[in-house]
Structure formats: structure tokens, C-alpha cells
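K.L.:
have a look; sequence and predicted model below, questions after that.
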Amino acid sequence: MNQPYPPTDREAAALASLAVPAPSSLRPAVLVEIGLADHYDRVDSPLGPIVVAWNGRGVSTVDLAGDDGAFEAHHLASTGRRAVPGTLPARLAQAIRRRLDGDRRVRVPLDLRGHSAFEQDVWRKALDIPRGEVRPYGWVAAEIGRPRAVRAVGTALGHNPVPLIVPCHRVVRTDGSIGQYSLGGAQNKRAVLSAEGLDPDLMEDNARRGERLVGCASTHIVCWPTCRTGRHMLERNRRPFRSLAEAGAAGYRPCKVCRPVAVSAA
Amino acid sequence: MDDDDRLVTALADDLDRAFDALVVAHQDRLYTIALRSLGDPGDAEEAAQDAFVRAYRALAGYESSRIRELRLRGWLTTIVLNRCRSVAARRAARGPRPMSIDAESSRPLVEPEAAPAAAPAEVAERRAERERWAALLVRLPAPYRSALILRHVDGMSYPEAAAALGRPEGTVKAQVHRGIAMLRMLLEAEARREPQEMTA
């Protein structure tokens, strides 16, 4: 029978030899989980493949897919964090897919650290705009209680780090033109809006003729032109207005769903 | 001032900036402790990752004066041992892993030496020896196994191991000695069984 006594040198050496290096996947997994590094992966979108970066706190970056090295360098410069290739977890991939398909209720966690409260208010408000509809910058400014900050709203939307997931493409210029887009320029904004069932050329034509709002002659309710409540309006009941004041003078009240407001030009 | 002293100072100053250095400094240790406690590389990686995440969240809630007083090595060890216990409990609840054979063949329990200077036969023999010890170690009852791992695999002193385990030093010493005795018995039992298996 063996009596308890300290290990021999040979036994101690055998036990000491059981130390092993950690797998190389451990360190990035830890840093990503706590949000000190990000993973990135490719996802299909109306604009073709896009890159989505995320960490344990949420999605941090959406960009057009291109050169991996360039993306990693840009991500490091803009967030201060390393981006490491990874595979989107199934649940997050599913949530992003549904959000890109227009489901605003699905929760997509976002990591927006380092961005101002104002910017985050603007982005959260953009999420209130349904697929297939647009609102002017001035509406966003009014809705977040900063009616005079129209220009700042435009800047904040241009800095949206998660375009498509936060649909800044659904915010257009106050004069009704489609406006600029951070994810590859104005042409891409038109492409995304078209994919959502809108006709950007028609929208701009109507705006050029001075149409900012549309009233329904049977209900006497006035809406933003793309409001879903006006979708089934008969063409003969359609009344274009240049301003909320003009609609009010004609006896129309603002829609409670799309909440049109008097907006000054940006 | 040793490496951990420098680390806690850096962590107290700027947790987010210094935490990567903590992972780099302690990942091999925590993974080794988890692997030798649990025996399965996948479970071990899960436990080690979980331990670092919990450590980060705890540090994020500590005052910097409290971080400065931490004895990092023992503190992290206590966390990873706790995580090993919950991973083991979860694994027991869901039954044995159906993939364990594949997992072991794809990633050996003992990684090959970085630079094998010795003859291949000798390397293979040493590796077989280590695998035998690793397999015996996971069969020990948990208190003996954890004491042996901290003292002889991780190389902690008895006072350090006792603090990390939350047991009196004398108890840890007795558990190490008893654990060694059990390993010897298991080795002998194996040696007796092997020739029979060869002729069977």
C-alpha cells in the first residue's frame, strides 16, 4: 500500500509537463465577448455583400464588403478596436436578416459606445420609420425635441456606424430630394429605397412640383407623402400641399401616425 | 515589482487598455487548470473564456484602490475553478458529449512540444507518458485533483494554492500527498492490467 508522501522528482516533472498553451482562439473570444475587440463577417443585403462587425455588446459597424485588410484598418481607426474574422452567431444573423427585411420590432443589440447621446437619439428615431416610407431631416429633429438642429441631424445620420440596420436611408432632405448616403453614396440610397418598394425618381418629381405633404379629401387628414395610411387613398382624393400651414388653412389635420410637422429647410 | 503588480496598477488606471495584457499573461495558466480539471479541450476553453469575462465584469465594478490590492494570480485561479465546477455540472446534467472521441482525435489532450530536440521515439514516449498522467489526473476526486493541479501543474506555493482554494494550508498539503498516492495506485493498477490486455 502506498503511503502519502511528497511526489518524487520524476512525478513532479510529469505533472509540471501537463501545462499547455491556450488555443489561439481563446484570447480573441474573450476580448470580443467583453467588447474590447470585434469579430466581423459578411452578410447579404440589397446592396450586395456587406461586412458586419460585432462584439458581446452588439453590432458595432456595417460597411460595404471590400478588402479585409482595409476594413480592419478602418475599424481600428474609427473604434480603437481590432477586428478579427469570425462567424456571425445564428441568432444574431437571423435578427439582422429580419431587420434588413424590414422588421423593426426584432431586437438587434447595438454597440454604440463613443457616440454622443444626440447621435444615438437621431439613430433611434430613424428606427421608427417603417420600411417603404421616408421622413425629412426636420421631422427627426422635431421628434427628438431639437427642432432647430436639422443640420446636426443630417450630420449624425451621415455618421451612422450601422447603416441598413439603423435605416438612415429612410431620412431624406427637407426639400424632398433623396440626399446623400454614408454607405457608398446617393446611388446606393436610391437602390435601397427602391428595394423597399419606393420610386425615388417619382418622389423627387413630386417634390420638385412643390409637394411636401399629401392630404386625403375624404378624411381631411394630411400625411407625409409615403405614410402607409395614405397607401389606399383613391387618386381623385389625393391633395398635394406645400406646407402644413397650407393644409391647415384648407381644413386638414395632421396624421397621428406619421405626425407631419412644419419643417424649415436644412 | 513583479509582472502581476505592474498589471494590477495598469488595470486600476485603465481597465480597458490593460485587460488584453492580463489575458495574454494568464491565458495559458487558466486554460491548463481548466483542461486538467475537466479533461475536455472544448469544456476547458469555455471555462477559461467564462473566467476571463467574469473577471473583467468584476474589475469593471471595483474601485481602483480595490484593484490595486488584488493578488491577481490567486484571484483568477479561484474564478476559473468556480467556472470549471459549473461547466462540469452542466456537462453532467446533459450527459456525456457524443463528440468527445472526435474532439480528442482532432486536438490531442497534450499539445506536441514546440521544438522536439529528442528522437521521435523518445518524443512519442514522453507524450504517451503525459497523456497517461493527464488521464489519471481527471479521475481523481475533485479536492485532490485541484490541489495537485495548483501545486504541481501550475507551480503555486502552498500558501498561494491554499488561498486560491480557500482551504487551510495543511489540508492542501495533505491533499497533494494523498493525491500523489492515489495516482501511484492508479498507475500500478494500469500496469497490472496492461499485460493481460495484450494477451487477450
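P.N.:
Thanks, I have the structure now. For clarity, every value in this text was computed on a predicted model and none was experimentally measured.

K.L.:
which residue is the nearest non-sequential neighbour of residue 173?
P.N.:
All of this is about chain A. The shortest distance from residue A:173 to any non-neighbouring residue, by CB to CB, 6 or more residues apart in numbering or on different chains, is to residue A:179 (4.1 Å). Every C-beta, even on glycine, is put in place using the N, C-alpha and C of the backbone.

K.L.:
wrong chain, I was asking about chain B
P.N.:
Leaving aside its sequence neighbours, residue B:173 sits nearest to residue B:158 (CB to CB, 6+ apart; 5.8 Å).

K.L.:
how close does the residue nearest to residue A:173 sit to chain B?
P.N.:
Counting by CB to the nearest CB, to the nearest Å, the gap from residue A:179 to chain B is 36 Å.

K.L.:
which residues in the stretch 1-150 of chain A form strands?
P.N.:
With DSSP state E, counting those that start in this stretch as the criterion, the stretch 1-150 of chain A has strands at A:37-43, A:50-55, A:58-64, A:82-85, A:135-136.

K.L.:
out of the ones you listed, flag the one nearest residue B:9.
P.N.:
For residue B:9, the closest of those is strand A:37-43, at 22.9 Å, according to CB to CB.

K.L.:
and the residue nearest to the spatial centre of chain B, what does it touch?
P.N.:
By CA atoms, centre = their mean, the mean C-alpha position of chain B lies nearest to residue B:33, the distance being 0.7 Å. Residues near residue B:33 by CB atoms under 8 Å, 6 or more residues apart in numbering or on different chains: B:77, B:80-81, B:84, B:149-150, B:153-154.

K.L.:
turn those residues into CSV, including neighbour count, secondary structure and distance to residue A:108.
P.N.:
Putting these into CSV (neighbours: other CB atoms under 10 Å in any protein chain shown; DSSP: H, G, I helix; E, B strand; the rest coil; distance: CB to CB, whole Å) gives the following:
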residue, neighbour count, secondary structure, distance to residue A:108
B:77, 26, helix, 37
B:80, 26, helix, 32
B:81, 22, helix, 36
B:84, 27, helix, 34
B:149, 28, helix, 42
B:150, 26, helix, 43
B:153, 25, helix, 43
B:154, 23, coil, 42
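
K.L.:
isn't there a helix covering the residue nearest to residue A:173?
P.N.:
No. Assessed with DSSP: H, G, I helix; E, B strand; the rest coil, residue A:179 is coil; it does not lie in a helix.

K.L.:
where does the stretch 101-250 of chain A dip in pLDDT?
P.N.:
Applying pLDDT under 70 to the stretch 101-250 of chain A picks out no residues at all.

K.L.:
could you pull out the helices for it?
P.N.:
In the stretch 101-250 of chain A, the helices defined using DSSP state H, counting those that start in this stretch lie at A:117-126, A:137-143, A:150-158, A:186-195, A:200-208, A:244-249.

K.L.:
quick one, the fifth one and helix A:186-195 angle?
P.N.:
Note on geometry: by axes from the mean of the first three to the mean of the last three CA atoms, to 10 degrees, helix A:200-208 and helix A:186-195 are set 100 degrees apart in direction.

K.L.:
CA atoms only: put helix A:200-208 into PDB for me.
P.N.:
Output in PDB follows, covering the C-alpha atoms of helix A:200-208 (Å, rounded to 0.1, in the frame of the first residue of the first chain):
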ATOM      1  CA  PRO A 200     -37.100  57.700 -55.800                       C
ATOM      2  CA  ASP A 201     -37.500  59.400 -59.200                       C
ATOM      3  CA  LEU A 202     -41.200  59.900 -58.700                       C
ATOM      4  CA  MET A 203     -40.700  61.100 -55.200                       C
ATOM      5  CA  GLU A 204     -38.200  63.700 -56.400                       C
ATOM      6  CA  ASP A 205     -40.500  64.700 -59.300                       C
ATOM      7  CA  ASN A 206     -43.400  65.300 -56.900                       C
ATOM      8  CA  ALA A 207     -41.200  67.200 -54.500                       C
ATOM      9  CA  ARG A 208     -39.900  69.400 -57.400                       C
END
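
K.L.:
and that helix, what does it pack against?
P.N.:
helix A:186-195 (3 or more CB pairs under 8 Å, 6 or more residues apart in numbering or on different chains; DSSP states H and E).

K.L.:
give me the residues contacting the helix it packs on.
P.N.:
With CB under 8 Å, 6+ apart as the test, helix A:186-195 has contacts from A:46-47, A:134, A:164, A:169-170, A:178-181, A:183, A:200.

K.L.:
run the angle between that helix and strand A:58-64 for me.
P.N.:
Using the same axes, to 10 degrees: helix A:186-195 against strand A:58-64 is 110 degrees.
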